[in-house]
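# I would like the atomic coordinates for the input below:
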Amino acid sequence: MGNPDFAVPSLDALINSRHHVVAVVTSPDKPQGRGRILSGLPVTKRASALGLKLIQPFSMNDPIFFNELLDINADIYVVVAFKILPQSIIQIPKFGSINLHPSYLPKYRGPAPIQHALINGENSTGITTFQLSKGVDTGNILLDAPLVIFPNDNSGNLSKRASFIGADLIFRTVNLMASGFDSGKPQDNNRVSYAPKINSSDQRIDWTRTNVEVKNKIRALSPYPGAYTKLGGRRLRVGKVSLSFHEFGTPANLAVVKKSSLIVRCGSGSVYIEELHPEGKKPMTARQFLAGAKLSEGDYFD
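As a prediction, this is how the structure comes out:
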């Protein structure tokens, strides 16, 4: 059970295992693009290409969906980046239901663990397989693996790397469960922290923060949903920055260096903007932006 690109390597790992994938559950196709043509999600497309049975329920509480799950009689449910399952579904298979989560549980429970690890400036995190239970991300831990965070990682490339490490973890966990292992290790409730969904207010850059904190937020939200600021009332997404230690003006103050570099003052230090996406235009480099922008020393982002 899964939807996005993150789940595709896990599906491939199971296909290449000694186990038989009897069905793949994904969300229904949705209208995409200007033509609003129905298009499947990445897992849907991969499962279709492999000729696998697809189940695409509109609701997890649909009795028809429930009966279809009973009919396929799977031994285990593997869930990767999917919806929250009701307990009635979790307990159907004889080996239970397992999930993949990109953090060392119980740290960063919730929908955005990779983004919050980057926002907080972590230099490493982890990936965990665990048994699904009534609570969200609360079940017994089965296996885990480390995930190094490099200084220039963003959520896009870190998620991609995590998806392949996670696929290997899923492969090993399913083998473990098939061998009769069914207990796992309870999570330590004294170590719980949360990674809530990123909302629109989280996306706005606070230039009064340190340059390191500003960089961490930008890379955590790149490429999607994107961290933004405003210039002249128009939104501008910032895709990539590097650290600078120029001290000038006040936070959000801009400086142009030789018409090729754009520096923004932060609460402490400053950052070079390398990639940005002005509202209504295509993504571009700082040099391309400065070629068409009318900026002067002392301008501010707001």
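
# how far away is L118 from N152?
Per CB to CB, to the nearest Å, L118 is found 11 Å from N152. Just so you know, the C-beta spots here come from the backbone N, C-alpha and C atoms, and that holds for glycine as well.

# right, I mislabeled it, should have said H20
Here the distance between H20 and N152 works out to 41 Å (CB to CB).

# equivalent analysis for V43, please.
29 Å.

# between these two, which one's more packed in?
Between V43 and N152, counted using other CB atoms under 10 Å, the more crowded position is V43 (27 against 10).

# which ones are touching the more buried one?
For V43, the residues meeting the contact criterion (CB atoms under 8 Å, 6 or more residues apart in numbering) are G2, N3, P4, A7, V8, L11, V24, T26.

# tell me which two of those sit farthest apart.
Maximum pairwise distance among these (CB to CB): 13.5 Å, between P4 and V24.

# neighbour count: these two, which is higher?
The residue with more neighbours, out of P4 and V24, is V24; 23 against 16, by other CB under 10 Å.

# quick check: the closest residue to P113 other than its chain neighbours vs S27, distance?
If you skip the residues right next to it in sequence, P113 has S103 as its closest partner in space, 3.9 Å away by CB to CB, 6 or more residues apart in numbering. For S103, the distance to S27 (CB to CB) stands at 23 Å.

# okay, these two: which has more neighbours?
Summary of the neighbour comparison: S103 and S27, criterion other CB under 10 Å, with S103 having more neighbours (25 against 18).

# ok, residues contacting stretch 229-243?
When contacts are defined by CB under 8 Å, 6+ apart, stretch 229-243 is touched by residues 154, 204-205, 207, 211-212, 214-215, 218-219, 222-223, 226-228, 252, 264, 269, 271-280, 283, 299, 301-302.

# could you rerun that using 6 Å?
If you take CB atoms under 6 Å, 6 or more residues apart in numbering as the criterion, stretch 229-243 is touched by 205, 211, 215, 218, 222, 226-228, 271-279, 301-302.

# from those residues, which ones fall inside strands?
When those are checked against strands using DSSP state E, the ones located there are A227, Y228, V271, Y272, I273, E274, E275, L276, H277, P278.

# beta partners of the fifth one?
In other words, I273. Counting by DSSP bridges, I273 is bridged to V241, L262.

# doesn't Q288 make contact with it?
No. Between I273 and Q288 there is no contact under CB atoms under 6 Å: 11.5 Å.

# so which of the two has more stuff around it?
Under the criterion of other CB under 10 Å, the comparison of I273 against Q288 puts I273 first, with 24 against 15.

# any idea how far that one is from F150?
Distance of I273 to F150, given as CB to CB: 20 Å.
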